[in-house]
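> Structure for this input, please:
(chains A and B)
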Amino acid sequence: MTAPVFSVTNLSVTHGGVSILHDISFDLAAGECLAIVGLSGCGKTTLMRALLGLLPQSMQVSGDLRTAAGTVPLGNTRVLRRRLGREIGFVAQNPFDACAPLRTVRAHIAEAWRAHGLTPDHKRIIALCNRLGLAKHMLERYPHEWSGGMLQRANIAAAIALSPPVLLADEPTSAVDADMAERVMSCLRSGAPGVIVVSHDLPLVARCADRVILIEDGRIAAIAGRAELSSGRAPAPLYDFIRTGQPPCPAPPAPGLNMLDVRDLAIDRGGRRLVSGLNFALQPGKILGVAGPSGVGKTSLLATLAGRLPPAAGVIVRGGQTRAPRQGEVLVLFQDAVSSMNPRWPVSRIVSEPLTSANGRQPRRDRPDAIRQAMGAFGLGHINLNSRPGALSMGQAQRVTLARASLAKPTLILADEPTSALDPRQKSAALAGLARLAKAGAAIILVSHDRAMLRDFCHETLELRADAQGCVNPAARETTPASTGLHILPETPA
Amino acid sequence: MNLRRATLSGPVAPPPRGILAALLHHPSGRWGVVLGAALAAMAVAGPWVVAHPPNVPDYAAALRPPGSGYWLGTDATGRDQLSRLVDGARRSLGGALAVSVAITLIGLIVGTLAALAGRWVDAALMRFVDVIMALPGLIVAFAVIGLLGPGYVNLLIALIAADWAYKARIARACAFDAVRSPAAEVSRQFGVPEWRVVLHHVLPPVFWPLLVLGTLGLGGQIAAISAFSFLGLGVQVPHAEWGAMLADTRFLFTVAPWLLLGPSACILLSVLASNLLGEALRDLATPEGRS
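Presented below is the predicted three-dimensional model:
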């Protein structure tokens, strides 16, 4: 291994007497890609912000950072920040948050020079775009006209504009479509001689990182090289970490009546036919995954099944009748669980709301028991029932909505990317919650970009595909003749 | 996210329960409560405590400087300045409070109704609000006083007429979002009756911003009541009101400057109290702000 270009020694961060990071030391060799992985709240974002000198003043930071330009104490944020851009490039998690919405992307990239009082080198901007596969004419467009994956690559261009020897990236792919994640990672890899990536998606980063550091509770729990990881010789905590992300396998659906039967469904949105010739049936306990690229009509399909968007053609049969859904029959689970709860209510009141509705009404004195039971069933028994949604982690929040759903007893649950913001452990806990709801007799439609998860977790997967006209291709019936416009992949639960 | 949780999980005192406890916990809210309580106590209990009647002239004691017997001196007709200040507090503070409560309620009802009804009700109500907002508030207030004639109650009506439209506009915007929020959406999916969805998920996010604005606006209402009374369009003689007291005594500034001190200090302090309280309520209006 060559001499390190970036080395951190004894980094510790405390806040109000609580230790957040404890004695972190690592080196980055020239040309190396280092991945830092861990669950939410393990301290990986704090680590990244400490290296950038962006932690709030109230946190005490100790330790040193050594680069080619010399050694800096990590507590000295003023000196650290001067080094950003020239010696350390940074790629933020959400590319849309990172760009000013009122300025063109070219202005955003040029800012890399202006921040240091330099004149932007437009030839280099073009060269960077060519290298990262970005179209030149897009530079004059505003961030909202870009796709997440493209914009993240523009952010990488801004980060490497001044050719820093080290590039730091905080969850660079979590806000990007799964199809684009690999491309973003390879751009990162080729962007700078040394790269440090923080992520909770170990399988993704393990494919391009030379070394992986696992952080647990603010400490380094394991370090492994790529060869060790693939040959099975890496420390055990890393394999435990991978296993925590594996979805549970749900029970097979109950044989019997179809509670939902969709025949020749077509959906129009804004005068455009999004979906046509869609056929599928759901039994109680069945979990159907829906995948497809952005804009193909996944959300419109959910809106139609929820009865909020009338179908353009075809019928939806519910329990043997062609009718609109009854109140309390269909339940939508949102990606952002926190916003689907009343922020002013304590958790106990949020969970018990279904018990106040006309069809699920329960006397007030029975509610505390029902709440405790539901919370316990979804692994939330330790949560203070008086806490507000803002105090919950994303994973806890999503499970609170599942506990609430279990009290509502809907027959059909429509889940729109319910796990995309969660770390591996939270994700598998949320999926276990969904499986529990399915076992209780609900049919579930799970929309996600994460094909691997759908394959492992769902009984069946529905692939929505758009042809040139923006319709699901009616000719794509090569796999299952019974379905038109899509193919249903029968899946044996792993 | 990690940072936020880290700052939450430290050995920090748990957030106080209840809005008054939270206000007392808040750095500026504390002083707002103290100041507001002092002014309110003066308005409520003051008239029974002071020694002299506020409206009875005593020409033998005209223009006395502050001293024993008359702590803040007397005005040109020998009325005790302190008694008049305390008596005027009821009109200044009570009037401002009444105006603020009224415009908040009207705004809440009109705005929420517009957002809930939608379609032509929404359009009609909001175009009417647009018309009112197109006119300067001062003109509306003058027009109403011109119609009804000067007087304290008519002044309050005029101030309400001039100000409710802004609150309705804000309430409508908040209600529009709240009606469509995922929390309300989920509640409907459970089969919770619509009136309860409105009560639980629509009204609170509308009420809190209005409460904050209403509190911040209290100072402005006090100043407006004082200003109109100063112009002679509000409280009429012989009744005391802070602005009217300033108007009555401004010609005596060279002879008896102390007469200006009391009313202006009271106006200043009540505007300050309302700003401090409003600022604190703004921080506490969101559940995140309270933790």
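> quick one: pLDDT of the residue nearest to A:L464 when sequence neighbours are not counted?
In space, and not counting its chain neighbours, A:L464 is closest to A:G292: 3.4 Å by CB to CB, 6 or more residues apart in numbering or on different chains. To be clear about C-beta, it is placed using only N, CA and C from the backbone, and glycine gets the same treatment. A:G292 is assigned 75 on the pLDDT scale.
> Please look at A:G292 and A:R465 and confirm they touch.
Yes. Look at A:G292 against A:R465 with CB atoms under 8 Å: they come within range, at 6.4 Å.
> Have a look at the two and say which one is more surrounded.
A:G292 (21 against 15; other CB atoms under 10 Å in any protein chain shown).
> what sits against that one?
Residues in contact with A:G292 (CB atoms under 8 Å, 6 or more residues apart in numbering or on different chains) are A:K298, A:E463, A:L464, A:R465, A:A466.
> Could you rerun that using 7 Å?
When contacts are counted by CB atoms under 7 Å, 6 or more residues apart in numbering or on different chains, A:G292 touches A:K298, A:E463, A:L464, A:R465.
> Just the pLDDT at the last one, thanks.
Among the per-residue scores, A:R465 holds a pLDDT of 73.
> secondary structure element for residue 129?
I'll assume chain A. A:C129 is part of helix A:122-132 when elements are defined by DSSP states H and E.
> meant chain B actually
helix B:119-134.
> With just CA atoms, put that helix into CSV.
Only the C-alpha atoms of helix B:119-134 are listed here, as CSV (Å, rounded to 0.1, in the frame of the first residue of the first chain):
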residue,chain,number,x,y,z
ARG,B,119,-65.0,25.5,-5.9
TRP,B,120,-67.2,28.5,-6.1
VAL,B,121,-67.4,29.1,-2.3
ASP,B,122,-63.6,29.3,-2.1
ALA,B,123,-63.4,31.5,-5.2
ALA,B,124,-66.1,33.9,-4.0
LEU,B,125,-64.7,34.2,-0.5
MET,B,126,-61.2,34.7,-1.6
ARG,B,127,-62.0,37.3,-4.4
PHE,B,128,-63.9,39.2,-1.7
VAL,B,129,-60.8,39.0,0.5
ASP,B,130,-58.7,40.2,-2.4
VAL,B,131,-60.9,43.3,-2.8
ILE,B,132,-60.6,44.1,0.9
MET,B,133,-56.8,43.5,0.8
ALA,B,134,-56.5,45.8,-2.3
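> Chain B: which of the contacts of A:G292 is nearest?
A:K298 (17.3 Å; CB to the nearest CB).
> In the stretch 51-200 of chain B, where is pLDDT below threshold?
Residue ranges of the stretch 51-200 of chain B with pLDDT under 70: none are present.
> wait, chain A
Low-confidence segments of chain A (pLDDT under 70): A:1-2, A:175-179, A:245-246, A:294-295, A:466-494.
> which bits of it sit near chain B?
Residues of chain A lying close to chain B (CB under 7 Å from any CB of the partner chain) are A:15-18, A:20, A:40-41, A:43, A:45-46, A:327-328, A:330-332, A:334, A:339-344, A:353-354, A:356-360, A:388, A:390-391, A:393, A:408.
> Quick check: ChimeraX command selecting the buried ones in the residues you listed.
Per 16 or more other CB atoms under 10 Å in any protein chain shown, the buried members of these correspond to this ChimeraX selection:
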select /A:15,20,40,41,43,45,46,328,330,331,332,334,340,341,342,343,344,353,354,356,357,360,388,390,391,393,408
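> from the residues of chain A next to chain B, which ones fall inside helices?
Judged by DSSP state H, helices contain the following of the residues of chain A next to chain B: A:T45, A:T46, A:A408.
> how far out from the middle of the chain is the helix or strand just after the helix holding A:C129?
Once the chain leaves helix A:122-132, the next helix or strand it forms, by DSSP H and E, is helix A:148-159. On the basis of CA atoms, centre = their mean, to the nearest Å, helix A:148-159 sits 18 Å off its chain's mean C-alpha point.
> helices or strands up against helix A:148-159?
strand A:88-91, helix A:95-98, helix A:105-114, helix A:122-132, helix A:178-191 (3 or more CB pairs under 7 Å, 6 or more residues apart in numbering or on different chains; DSSP states H and E).
> Put the alpha carbons of the helix or strand following that helix into CSV.
Next along the chain after helix A:148-159, taking DSSP H and E as the criterion, comes strand A:166-170. Backbone C-alpha positions of strand A:166-170 (Å, rounded to 0.1, in the frame of the first residue of the first chain) are rendered in CSV as follows:
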residue,chain,number,x,y,z
VAL,A,166,-9.8,13.3,-1.7
LEU,A,167,-13.5,13.1,-2.3
LEU,A,168,-16.0,12.6,0.6
ALA,A,169,-19.6,11.5,-0.2
ASP,A,170,-22.4,11.2,2.3
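> gap between the residue nearest to A:A281 when sequence neighbours are not counted and chain B?
Distances taken as CB to CB, 6+ apart place A:N258 nearest to A:A281, at 4.3 Å, with adjacent residues excluded. A:N258 is 22 Å from chain B, where distance means CB to the nearest CB, to the nearest Å.
> A:N258 - how many residues pack around it?
A:N258: 17 surrounding residues under other CB under 10 Å.
> Now do the contacts for it.
Neighbour list for A:N258: A:A281, A:L282, A:Q283 [criterion: CB under 7 Å, 6+ apart].
> picking that back up, in strands only, show me the residues of chain A next to chain B.
Among these, the residues falling in strands (DSSP state E) are A:H15, A:V18, A:I20, A:V330, A:L331, A:V332.
> can you tell me which residue is nearest the centre of the chain?
No chain was given, so I picked chain A. When CA atoms, centre = their mean is applied to chain A, the residue found nearest the centroid is A:S420 (3.1 Å).
> please go with chain B instead
For chain B, the residue nearest the mean C-alpha position is B:L218 (2.2 Å; CA atoms, centre = their mean).
> give me phi/psi at A:N76?
phi -90, psi 80 (degrees, to the nearest 10).
> now it, nearest residue through space, not along the chain?
With CB to CB, 6+ apart, the residue lying closest to A:N76 is A:G53, at 7.6 Å.
> tell me the phi and psi of the one you found?
Main-chain torsions, A:G53, degrees, to the nearest 10: phi 70, psi 30.
> so it makes contact with A:R82?
No. Counting by CB atoms under 7 Å, A:G53 stays clear of A:R82, with 9.0 Å between them.
> out of the two, which sits in the busier spot?
Between A:G53 and A:R82, counting by other CB under 10 Å, A:G53 is the more crowded of the two (21 against 13).
> now that one: how far from chain B?
Relative to chain B, A:G53 is positioned 14 Å away (CB to the nearest CB).
> Go ahead and report the secondary structure state at A:L51.
Three-state assignment for A:L51 (DSSP: H, G, I helix; E, B strand; the rest coil): helix.
> A:L34 belongs to a strand?
Yes. Applying three-state DSSP, one finds A:L34 inside a strand.
> mind listing what it touches?
So, once contact is read as CB under 7 Å, 6+ apart, A:L34 ends up touching A:L28, A:I196, A:A209, A:D210, A:R211, A:I213.
> if I pick residue 189, what's in contact with it?
All of this is about chain A. Applying CB under 7 Å, 6+ apart to A:R189 gives the contacts A:C33, A:V195, A:C208.
> Let me rephrase: I mean chain B.
Neighbours of B:Q189 in contact, by CB under 7 Å, 6+ apart: A:G328, A:V330, A:L331, A:V332.
> 8 Å instead, please
B:Q189 makes contacts with A:A306, A:Q327, A:G328, A:V330, A:L331, A:V332, A:A408, A:P410, as judged by CB under 8 Å, 6+ apart.
> Please apply the same query to A:V195.
Listed by CB under 8 Å, 6+ apart, the contact set of A:V195 reads A:E32, A:C33, A:L34, A:V166, A:L167, A:A169, A:L188, A:R189.
> Show me the beta-bridge partners of it.
Going by DSSP bridges, A:V195 is paired in beta bridges with A:C33, A:L167.
> what's the answer for A:L65, then?
Taking DSSP bridges as the rule, A:L65 bridges to A:V8, A:V72.
> Do a quick rundown of the strands in the stretch 1-150 of chain B.
Read by DSSP state E, counting those that start in this stretch, the stretch 1-150 of chain B holds no strands at all.
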